[in-house]
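Peer 1: predicted coordinates and the sequence they were generated for:
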Amino acid sequence: MHIEPAFLFDLDGTLVDSVYQHVLAWKTALDAEGIEISVWRIHRKIGMSGGLFTHQLLRETEVEIDPERMERLRWRHAEAYRRYAGDINALPGARKLLAWLAESAIPWAIATSGRMETAAVNLAALDVDPRQTIVITRDQVKYAKPDPDLFLAAAARLETPIENAFVVGDSIWDMLAATRCRALGVGLLSGGYGSDELRQAGAVRVYEDPADLLFHIDELGGR
């Protein structure tokens, strides 16, 4: 019996070209708090949960980040990110890929470490209505990536076993989360991570972007 796969998509850098806007927004927020950190170090953390982000900041900068400051950073980041809304676009092939999956009756959902306050900007760029699509955000789970909660919640909403799902993401945090919940990780290069990094974190296949994934969809059991 053929079991149709389900696709669980990360958002930033996977469906929407927004990774560097997040990096700049975090840099703006950190600068406002007087926390010095290089841009490349911020990029390496995009995709993980905000809690882990701040814990790593503590290790790298030895700056005290109490809950009040953490909330202020989150607010400053969201405010700065919204200013980039006009520069954020869907990645090549993203809309076509989602439309193809819908037309083929292949279930899919979006699971993002971002909260809805920033995810809403990306969904608008993607022409996805969260009222008509399954979208799991950081607000809805206890832990974000690299914990698998986001993807487990998305699979549960689709009523599909997580073992039947492909987790599609652009960062090592997506691939680590996929491995932890026994889904198959599919990496995309559109967020800035390299092919070797994604494979070492658990990706079974790596493609350039959503358009390239759609071109090779037969490799993933799409019919």
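Peer 2: The structure has been received and is ready for your questions. Residues are numbered from 1 along each chain as shown.

Peer 1: what's the first helix or strand after the lowest-mean-pLDDT helix or strand in the chain?
Peer 2: Ranked by mean pLDDT, DSSP states H and E, the weakest helix or strand in the chain is helix 50-61, scoring a mean of 74. Later in the chain than helix 50-61, the nearest helix or strand by DSSP states H and E is helix 67-83.

Peer 1: strands paired with the following helix or strand past that next one, and their directions?
Peer 2: Counting by DSSP H and E, the next helix or strand C-terminal to helix 67-83 is strand 89-90. Partners of strand 89-90 in the sheet, by DSSP bridges, are strand 16-17 (antiparallel).

Peer 1: and the helix or strand following the partner strand, what does it pack against?
Peer 2: Next along the chain after strand 16-17, taking DSSP H and E as the criterion, comes helix 19-32. Packing contacts for helix 19-32, counted by 3 or more C-beta pairs under 8 Å, 6 or more residues apart in numbering; DSSP states H and E, involve helix 39-43, helix 67-83. For every residue, glycine as well, the C-beta is placed using N, CA and C.

Peer 1: could you dump those into CSV with mean neighbour count, mean pLDDT and distance to residue 212 added?
Peer 2: What follows is the helices and strands packed on helix 19-32, written out as CSV (neighbours: other C-beta atoms under 10 Å; pLDDT from 0 to 100; distance: least, C-beta to C-beta, whole Å):
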stretch, mean neighbour count, mean pLDDT, distance to residue 212
helix 39-43, 14, 89, 22
helix 67-83, 16, 88, 27
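
Peer 1: shaky segments in the chain?
Peer 2: Residue ranges of the chain with pLDDT under 70: 1-3, 50, 58, 222-223.
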